[in-house]
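Colleague: Below are the sequence and a predicted model; questions follow.
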Amino acid sequence: MFFEKTFWFIKRGYLLQMSYRFDFFLKMFFMLFNILTYYFIARMIGGAAAAYLEPYGGDYFSFVLISTAFSGYLMISLRSFSESVRDEQMMGTLEVMLVAPTATTSIIALSSLWSFIFASFRVLLYLLIGILLGVNMTAANVGGALIILILTIICFSSIGILSASFIMVFKRGNPINMLLMGTSELFGGVLFPIEVFPEWLQSISRILPITYSVNGMRHALLQGYSLEELAPDILTLAFFSIALLPFSLLIFKQAVRKVKADGGLVQY
Amino acid sequence: MRYPGKRDIITTLDGVNLKVREGEVLGLLGPNGAGKSTLIKILCTLILPTEGNAYVGGFDVVKEGQKARTCIGFITTDERSFYWRLSGRENLQFFAALHNLPRSIARARVEELLDVVRLKNRADEPFLNYSAGMKQRMAIARGLLNDPDVLFMDEPTRSLDPGAAMSLRDFIKEHIVEQRGKTVFISTHQLDETERLCDSVAILDKGQIKAHAIPAELKGQDLCRVQFMRCLHLLHRQEPC
């Protein structure tokens, strides 16, 4: 039944997305603008930042393309779980879904599935356009990149589920999203290497999962690091995943219980 | 006295004691705010009661919520409870998957129910094209997807014009009560609905059961008569009994 449900959640997401075609094409179009912006910034920078970019292959466009593409998963994770709760509340479909004998955590996880598929499609387009604009991924360790991708999704999803728990209970005002969206872009090494920071600020970067995710992904795709060389990033992401996933599921269950007791399941 | 950070506690249901036999159709009659929807939501596992026990199909709705949901069909009047940009058929297939129906069974069940609610020829149209009556019939089809033992209907004719409401009542009577023999829990503030559909009626007011009997008996009881007539009178004015 799991595959049957997965299929229907994906189909529902696809049909709803395709019923708003203009929105879909606008998103794709402006994504191209983003890539071109980074491309021309990279041309302007040229070799000026070579010292900082050396550990990542030396090219700013490759550096920023990989990190912006994969940091999209963090944004999707932070938004999709909480937005799916809120969307179902606003559409009025949450109650009837929760009367079905499917676990609430499965409903929320599956509701976000289409967003992840859409994000993956976006990442593929990023990489494809990047290759057309000269990013060299011929040495890529695809297996290593996939392991990092899976751990990234588990880790970011756990944070997203925590975020959905807040939305479930407080309806608006999500400290997790505000904190992580603000800090991840600045401290996570998305737009520039964390080595640019003074040492004490780099310690903030080191407690953020996104730092290890984009770092590992760059090393796997651009420099073709072996699994051994990727191990520090992989193990750290695995540690975050193991710690965060059960915790977030527990908090989410408590949140559902609380709103059921308060009678606020469909309030938004 | 109000304490900062503490919310006022409202007792929505108080000492409700009801037993509905298998195959019985119970009408829950009461004005707005009486607690009808809250009672139905507790029985559907959507709200947790602070005290007391409730069982559906023999399952405790708090401790065995997942099992209780396997024998529950929930029919809500909320038109928004469907995906408006999906077709009627796609909506039913999606909810069938949530009810753990394997694909082949789901497909056959959806076709059967579309036939029963007379929407087969419009099943591939987007839900947003449907009239209020069609949306209600679609809600009934969805409530029957898992062939539930107990069906909860929360004011099923609320948003319908008198003609559509009568047609839906006939439909419920014929297809759900007579043909399928389901146990039905129907909340309403329409007296004619309870008279036409229900084996017994419970009058709920301010969260308490004021009377519970068969409709004719209820009218005949001296003790209840005043309460009943007053409630009916006030129901028309939408005031608490």
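Modeller: That came in fine, so what should we check first? Numbering: from 1, shown residues only, chains lettered A, B, ... in the order given.
Colleague: List, one by one, the residues from the stretch 101-250 of chain A near chain B.
Modeller: Residues of the stretch 101-250 of chain A that fall close to chain B, judged by CB under 8 Å from any CB of the partner chain: A:Pro101, A:Thr102, A:Ala103, A:Ile107. The way it works is simple: take the backbone N, C-alpha and C, and place the C-beta from them, glycine included.
Colleague: Looking at those residues, which is nearest A:Thr68?
Modeller: Checking those against A:Thr68 by CB to CB gives A:Ile107 as the nearest, at 30.8 Å.
Colleague: host element of that closest one?
Modeller: helix A:104-111 (DSSP states H and E).
Colleague: which parts of the helix or strand that that helix is followed by are buried?
Modeller: Following helix A:104-111 in sequence order, the next helix or strand is helix A:113-132 (DSSP H and E). Across helix A:113-132, burial judged by 16 or more other CB atoms under 10 Å in any protein chain shown covers A:Leu113, A:Trp114, A:Ser115, A:Phe116, A:Phe118, A:Ala119, A:Arg122, A:Val123, A:Tyr126, A:Leu127, A:Ile129, A:Gly130.
Colleague: could you check the angle helix A:104-111 makes with whichever helix or strand comes after helix A:113-132?
Modeller: Per DSSP H and E, the first helix or strand lying C-terminal to helix A:113-132 is helix A:142-170. Orientation note: helix A:142-170 sits at an angle of 120 degrees relative to helix A:104-111 (axes from the mean of the first three to the mean of the last three CA atoms, to 10 degrees).
Colleague: which of the residues in helix A:142-170 are buried?
Modeller: A:144-145, A:147-149, A:151-168.
Colleague: centroid residue for the chain?
Modeller: If you meant another chain, say so; for now it's chain A. The structure's chain A has its C-alpha centroid closest to A:Tyr73; by CA atoms, centre = their mean the separation is 1.6 Å.
Colleague: try chain B instead
Modeller: Geometric middle of chain B (CA atoms, centre = their mean) lands on B:Met153, at 1.3 Å.
Colleague: if I pick that one, what's in contact with it?
Modeller: By CB atoms under 8 Å, 6 or more residues apart in numbering or on different chains, B:Met153 lies in contact with B:Ile75, B:Gly143, B:Ile172, B:Val184, B:Phe185, B:Ile186, B:Ser187.
Colleague: Which member of the residues you listed is positioned nearest B:Glu22?
Modeller: For the contacts of B:Met153, with B:Glu22 as the reference and CB to CB as the criterion, the closest is B:Val184, at 11.0 Å.
Colleague: Do I have it right that the closest one meets B:Asp149?
Modeller: No. With contacts counted by CB atoms under 8 Å, B:Val184 stays clear of B:Asp149, the gap being 10.5 Å.
Colleague: Looking at the two, which is more packed in?
Modeller: Each of B:Val184 and B:Asp149 has its neighbours counted (other CB atoms under 10 Å in any protein chain shown); B:Val184 has more, 25 against 17.
Colleague: Just say helix, strand or coil for the more buried one.
Modeller: With DSSP: H, G, I helix; E, B strand; the rest coil as the basis, B:Val184 sits in strand.
Colleague: How about it: which residues does it bridge to?
Modeller: Beta-bridge pairing of B:Val184 under DSSP bridges involves B:Val25, B:Leu151.
Colleague: since we're on A:Leu74, how many residues are nearby?
Modeller: A:Leu74 has 28 neighbouring residues, counting by other CB under 10 Å.
Colleague: Tell me who's in contact with it.
Modeller: Contacts of A:Leu74 (CB under 8 Å, 6+ apart): A:Thr152, A:Phe156, A:Ile159, A:Leu180, A:Ser184, A:Gly188, A:Pro209, A:Ile210, A:Ser213.
Colleague: Need the buried residues of helix A:113-132 in JSON lines (columns: pLDDT and distance to A:Leu245).
Modeller: Formatted as JSON lines, those follow (pLDDT from 0 to 100; distance: CB to CB, whole Å):
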{"residue": "A:Leu113", "pLDDT": "89", "distance to A:Leu245": "16"}
{"residue": "A:Trp114", "pLDDT": "89", "distance to A:Leu245": "21"}
{"residue": "A:Ser115", "pLDDT": "88", "distance to A:Leu245": "18"}
{"residue": "A:Phe116", "pLDDT": "89", "distance to A:Leu245": "15"}
{"residue": "A:Phe118", "pLDDT": "88", "distance to A:Leu245": "22"}
{"residue": "A:Ala119", "pLDDT": "88", "distance to A:Leu245": "19"}
{"residue": "A:Arg122", "pLDDT": "88", "distance to A:Leu245": "24"}
{"residue": "A:Val123", "pLDDT": "89", "distance to A:Leu245": "22"}
{"residue": "A:Tyr126", "pLDDT": "89", "distance to A:Leu245": "27"}
{"residue": "A:Leu127", "pLDDT": "90", "distance to A:Leu245": "27"}
{"residue": "A:Ile129", "pLDDT": "91", "distance to A:Leu245": "33"}
{"residue": "A:Gly130", "pLDDT": "90", "distance to A:Leu245": "31"}
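Colleague: So, low pLDDT: which residues of chain A?
Modeller: A:268 (pLDDT under 70).
Colleague: and if you look at chain B?
Modeller: Where chain B drops to pLDDT under 70, the residues are B:1-8, B:219-241.
Colleague: which bits of it sit near chain A?
Modeller: Checking chain B against chain A by CB under 8 Å from any CB, the hits are B:12, B:38, B:41, B:44-48, B:50, B:66-67, B:69-70, B:72, B:74, B:76, B:78-83, B:85-86, B:90, B:93-95, B:97-100, B:102-103, B:106, B:142, B:146.
Colleague: Give me the PyMOL select line for those, limited to the buried ones.
Modeller: Applying 16+ other CB under 10 Å to the residues of chain B next to chain A, the buried members can be selected in PyMOL as follows:
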select buried, chain B and resi 12+38+41+44+45+46+47+48+67+69+70+72+74+76+78+79+81+82+83+85+86+90+93+94+95+97+98+99+100+106+142+146
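Colleague: can you tell me which of the residues of chain B next to chain A are in helices?
Modeller: In this view, the residues of chain B next to chain A that belong to helices under DSSP state H are B:38, B:41, B:66-67, B:69-70, B:90, B:93-95, B:97-98, B:103, B:106, B:142.
Colleague: what's the farthest-apart pair in those residues?
Modeller: B:Thr38 and B:Arg103 (36.1 Å).
Colleague: Is B:Ile203 part of a helix or strand, or is it coil?
Modeller: Relying on three-state DSSP, one would call B:Ile203 strand.
Colleague: Bridged to it, which residues?
Modeller: Applying DSSP bridges, one finds that B:Ile203 bridges with B:Leu29, B:Ala211.
Colleague: count of neighbours near it?
Modeller: Neighbourhood size, B:Ile203 [other CB under 10 Å]: 25.
Colleague: wouldn't it be in contact with B:Gly27 here?
Modeller: No. If you go by CB under 8 Å, B:Ile203 and B:Gly27 don't touch, sitting 9.3 Å apart.
Colleague: Strands along chain B, start to end?
Modeller: Here chain B has its strands, by DSSP state E, at B:25-29, B:55-56, B:59-60, B:72-76, B:150-154, B:183-188, B:200-205, B:208-213.
Colleague: To A:Leu36, which of those lies closest?
Modeller: Here strand B:72-76 is closest among those (CB to CB), at 48.4 Å.
Colleague: Show residues contacting that closest one.
Modeller: Here strand B:72-76 makes contact (CB under 8 Å, 6+ apart) with A:95-96, A:99, B:40, B:43-45, B:56-57, B:139-140, B:142-146, B:148, B:150-154, B:156, B:182.
Colleague: 7 Å - rerun?
Modeller: Applying CB atoms under 7 Å, 6 or more residues apart in numbering or on different chains, the contact partners of strand B:72-76 are A:95-96, A:99, B:44, B:56, B:139-140, B:143-144, B:146, B:148, B:150-154, B:156.
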